[in-house]
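Trainee: Just a sequence and a predicted model for now, questions to come.
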Amino acid sequence: MRLPGNHSLVSTAAPMAWKRETKGDGIVSTGKRTGPTGRSWGLHGNEANPCIGTTTTPFPGGPCLGATGKTRQTSKVKSMPKKTDNIFTIGFTKKTASVFFEKLRDAGVKRIIDVRLNNVSQLAGFSKKDDLQFFLKEILGIEYVHLPLLAPTQEMLDRFKADKGPWENYERDFLALMAGRRVEDQIDRELIPGACLLCSEDKPDFCHRRLVAEYLSRKWGNLNIIHLV
């Protein structure tokens, strides 16, 4: 069959059928017909390229989508935002045992991560390693993990106490220690969501637990830091 001009339709013994295409939410007839192979031709199509004049778009390097009788649907796929995890911090000094454990319970803490270098000091009271591990399990049903990798060295502590500051120097040295240890690659991130970093200082301002939380937040992202005071 030949149309006006140089355009032609190739017919076989199989009957031609009108093709209907979906546009938006409604069905719109395009006035195209499909041959036995399912290819579609418009009035400007030809045998060499049946896609010409149609609304179907071929994939790069692939056949005309009209060959399958299907139209290509485009959609914008939005990447899902990464989940933000809570990380808590707490200091045990100036807190009674009841206040300490109630704060952990109320916050929904899942585990304690002890970032002290020395976790068996007699000054620690209820927060000594073995006692604290027992209390956490029996009272709250949560686990205890000691990560000295996140603690300062004894030399750093001695120097800071001897010099009595300034804090900026200690912070600089501690962050350099964390970077040198590459702690973000050494610890399992699965430990962090819902975990609480434990140290001795009552407030986080001048405590390395705050520095650890902020360091991991910068390296990993998607961490919401909550200080329990």
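Mentor: Cool, got the structure.

Trainee: Sticking with L104, tell me its helix or strand.
Mentor: helix 97-107 (DSSP states H and E).

Trainee: let me fix that: I113
Mentor: With DSSP H and E as the test, I113 turns up in strand 111-114.

Trainee: That strand: partners in the sheet, and parallel or antiparallel?
Mentor: strand 143-146 (parallel), strand 195-199 (parallel) (DSSP bridges).

Trainee: Could I get those in CSV, plus columns for distance to A176?
Mentor: Backbone N, C-alpha and C define where each C-beta goes, glycine included. Below are the strands paired with strand 111-114 laid out as CSV (distance: least, Cβ to Cβ, whole Å):
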stretch, distance to A176
strand 143-146, 23
strand 195-199, 19
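
Trainee: got a markdown table for those strands, with mean pLDDT too?
Mentor: Below are the strands paired with strand 111-114 laid out as a markdown table (pLDDT from 0 to 100):
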| stretch | mean pLDDT |
| --- | --- |
| strand 143-146 | 96 |
| strand 195-199 | 97 |
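
Trainee: before we move on, back to that, not counting its own residues, what contacts the strand holding I113?
Mentor: For strand 111-114, contacts defined as Cβ atoms under 8 Å, 6 or more residues apart in numbering pick out 104, 129, 132, 136, 142-147, 150, 191-192, 194-198.

Trainee: Can you pull out the low-pLDDT segments for the chain?
Mentor: For the chain, the stretches flagged by pLDDT under 70 are 1-81, 122-124.

Trainee: ranges for the helices of it?
Mentor: Here the chain has its helices, by DSSP state H, at 97-107, 129-135, 154-163, 167-181, 183-186, 208-220.

Trainee: Dump those to TSV, plus distance to K83 and mean neighbour count.
Mentor: Shown next, in TSV, are these (distance: least, Cβ to Cβ, whole Å; neighbours: other Cβ atoms under 10 Å):
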stretch	distance to K83	mean neighbour count
helix 97-107	18	15
helix 129-135	29	16
helix 154-163	34	12
helix 167-181	24	14
helix 183-186	18	12
helix 208-220	12	20
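
Trainee: could you dump these to CSV with distance to D202?
Mentor: Below are those laid out as CSV (distance: least, Cβ to Cβ, whole Å):
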stretch, distance to D202
helix 97-107, 11
helix 129-135, 17
helix 154-163, 17
helix 167-181, 15
helix 183-186, 24
helix 208-220, 11
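
Trainee: Among those helices, single out whichever gets nearest to V115.
Mentor: With Cβ to Cβ as the measure, helix 208-220 is the member of the helices of the chain nearest V115 (5.5 Å).

Trainee: Mind listing residues that contact that closest one?
Mentor: Under Cβ under 8 Å, 6+ apart, the answer for helix 208-220 is 87, 89-91, 115, 150-152, 171, 174-175, 178-179, 183-184, 189, 192, 197-199, 201, 204, 223, 225, 227.

Trainee: And stretch 158-170, by the same measure?
Mentor: Residues from elsewhere that reach stretch 158-170, judged by Cβ under 8 Å, 6+ apart: 156, 206.
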